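Undergrad: After the sequence you'll find the predicted model.
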Amino acid sequence: MTGTTLDDYTDRYARRVRGMTASEIRALFAVASRPEVVSLAGGAPYIAALPLDAVGEMLGSLAADHGTSTLQYGIGQGTPELRERICEVMALSGIDAAAGASPDDVVVTVGGQQALDLVSRLFLDPGDVVLAEGPTYVGALGAFQSAQAQVVHVAMDDDGLIPSALEAAIADVARSGRRAKFLYTIPTYQNPAGVTLTDARRDQVLDICERAGLLVVEDDPYGQLSFDGEAPLPLRARRREGVFYLSTFSKTFAPGLRVGWILAPHAVREKLVIASESQILCPSAYAQAAVATYLSTMPWREQIKTYREVYRERRDALLEALTDLMPEGTTWTRPSGGLFVWATLPPGLDSKAMMPRAIAARVAYVPGTGFYADGTGGGNMRLNFSFPSPERIREGVRRLAGVMEQDLAM
Ligand code: PMP
């Protein structure tokens, strides 16, 4: 046979596949999950804090209680019952009926990740620009890159996204003749930086986007997980037009069920549903019934408080260990919620190059490079505190500090 052989797929891939590379983070998880490794790399909630027996019982009787509907196809937008409950959850963060939230404008998704893919499908043409915090959530980078969009990062400080940097980035993009479609932001307990956009800056950011004609995609998986007082009002509670609010039950209930949602401006909701139907037909009826039943029959508000207490203790353990053990010149953020601390290494250290030595020392973290579209971030690392116990966190930091001291001495 002449010409290409059937195992040569390289030339056949669609253009959007060319930018697809395996996430460094997912590759890390295989190594990091070995029991002898203290993993500060993951982002998994501490599921053991759930009342597992009661949840198991609820799941076991779901089909019997709901009849065959849990095993049947459903509607693309998601069940009315779950969308009602989602509105109750959002109301807790200030996104209530007065803010224009309605079950009719909620689209249930397969986790927050499908929500990111849906907004990308709806708004991004190849070459379009998405503005996003630098660093930003790795799964969002994947969704935007699959849509062949370019991500332009906007700098943050301890108060979140810097408004003047946002204005400068918008002007730069316009000067280069490209089109910025939306700002993607995780304003509260940001992943990976752990910082929160202040109240005053929230209104500034909304004003800047409105003036520039930019949509805002607000991703808020962590807003309920606050440790030191309530989080500032979400962007969507302040403005309804032009703001898409994305969230998920992955961090407040269970990621294995893969249930998230988008609250969309009314005019867009139908297109979102059509786009979702073309991807998945409808979200899992079983998973939706599980979440709706959890929300209607179990003390979910108390559970959020439990998660807050567990994570607050672990955040404190991590910050204390960092203060006690990190080599001089290391700095880090002090999150008041969420799951992550972002550390900046002393000059000369490279978090990606150091990773094999860290694994050999039985500790894992995520190198900062995974959170930038342009591969910068080698001077940073993300540290997770939700999953390991306070003792394991301290041991992990001790091992990590040892590796850093060795690298500094090289
Ligand atoms: N957005 C952000 C900022 C996240 O951190 C995550 C989960 N790590 C997601 C979206 C996706 O969550 P899900 O598990 O619901 O797909």
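TA: Great, that's in hand. Residues are numbered from 1 along each chain as shown.
Undergrad: For the ligand, what's the nearest residue on this protein?
TA: residue 111 (2.7 Å; CB to the nearest ligand atom). For every residue, glycine as well, the C-beta is placed using N, CA and C.
Undergrad: Isn't residue 109 up against residue 119?
TA: No - taking CB atoms under 8 Å as the definition, residue 109 is not a contact partner of residue 119, at 10.1 Å.
Undergrad: what residues are shared contacts of these two?
TA: residue 262 (CB atoms under 8 Å, 6 or more residues apart in numbering).
Undergrad: Contact residues of the chain facing the ligand?
TA: By CB under 6 Å from any ligand atom, the part of the chain that sits against the ligand consists of 43, 111-113, 137, 139, 186, 191, 219, 221, 248, 250, 255, 260.
Undergrad: Strands - which of those residues land there?
TA: 219, 248, 260 (DSSP state E).
Undergrad: Give the bridge partners for the last one, please.
TA: Meaning residue 260. Taking DSSP bridges as the rule, residue 260 bridges to residue 109, residue 248.
Undergrad: Show the pLDDT at it.
TA: On pLDDT, residue 260 comes in at 98.
Undergrad: who's in contact with it?
TA: So residue 260 contacts 108-115, 221, 246-250 (CB under 8 Å, 6+ apart).
Undergrad: report the longest helix in this structure, please.
TA: helix 300-325 (DSSP state H).
Undergrad: Could you list the low-pLDDT ranges of the stretch 151-300 of the chain?
TA: Of all residues in the stretch 151-300 of the chain, none has pLDDT under 70.
Undergrad: Helix or strand: which one has the closest residue to residue 214 other than its chain neighbours?
TA: Distances taken as CB to CB, 6 or more residues apart in numbering place residue 183 nearest to residue 214, at 5.4 Å, with adjacent residues excluded. Element membership for residue 183 (DSSP states H and E) is strand 180-185.
Undergrad: Now do whichever helix or strand comes after that strand against strand 180-185, angle only.
TA: Using DSSP H and E, the next helix or strand after strand 180-185 towards the C-terminus is helix 199-212. Here the directions of helix 199-212 and strand 180-185 differ by 170 degrees (axes from the mean of the first three to the mean of the last three CA atoms, to 10 degrees).
Undergrad: Report the distance from helix 199-212 to the chain centre.
TA: How far helix 199-212 lies from its chain's middle: 21 Å, per CA atoms, centre = their mean, to the nearest Å.
Undergrad: ok, residue 315 touching residue 384?
TA: No - taking contacts as CB under 8 Å, residue 315 lies outside contact range of residue 384: 10.4 Å.
Undergrad: For residue 381, give me phi and psi.
TA: Main-chain dihedrals, residue 381, degrees, to the nearest 10: phi -150, psi 150.
Undergrad: So it sits against residue 363, correct?
TA: No - using CB under 8 Å, residue 381 is not in contact with residue 363; the gap is 10.8 Å.
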